[in-house]
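K.L.:
this is a predicted model, with the sequence first.
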Amino acid sequence: MSEQGGKYGNLIKRAKQSPKPDDQIPVQPVEQVTNEPDNQTPIEMANLCVKVPKKWRKHWAIQAKVKDITMTEVMVEALKARFGLPDDQ
């Protein structure tokens, strides 16, 4: 690497100096669709982290992929079945 700026330094420098294409159209944000009725306020979400052996997690992640379901969906389903939801839900 005798070039100053490393392996990709010159490439990045040229990209920054090149004019922007005229055909780039700014993307407008897509309105998110929710399953909530219009009169409800969005529910504030929080992370739920659990420590499990890596081997278990790997097995569960593979099974979730095979069954085309997310780990979140599985955990929420299990927690709802075991403990239910708050009275106001």
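P.N.:
Good, I have the coordinates.

K.L.:
which SSE is immediately downstream of the least confident helix or strand in the chain by mean pLDDT?
P.N.:
In the chain, the helix or strand scored least confidently by mean pLDDT, DSSP states H and E is helix 9-17, which has a mean of 75. Scanning forward in sequence from helix 9-17 by DSSP states H and E, the next helix or strand is helix 54-66.

K.L.:
that following helix packs against which elements?
P.N.:
When contacts are defined as 3 or more C-beta pairs under 8 Å, 6 or more residues apart in numbering; DSSP states H and E, helix 54-66 packs onto helix 71-83. Yep, even glycine has a C-beta here, placed from its N, CA and C like the rest.

K.L.:
from the contact counts, what lies against the helix it packs on?
P.N.:
By 3+ C-beta pairs under 8 Å, 6+ apart, helix 71-83 packs against helix 54-66.

K.L.:
taking helix 71-83 as reference, get the angle to the helix it packs on.
P.N.:
Per axes from the mean of the first three to the mean of the last three C-alpha atoms, to 10 degrees, the angle that helix 54-66 makes with helix 71-83 is 100 degrees.

K.L.:
alright, that wraps it up for me.
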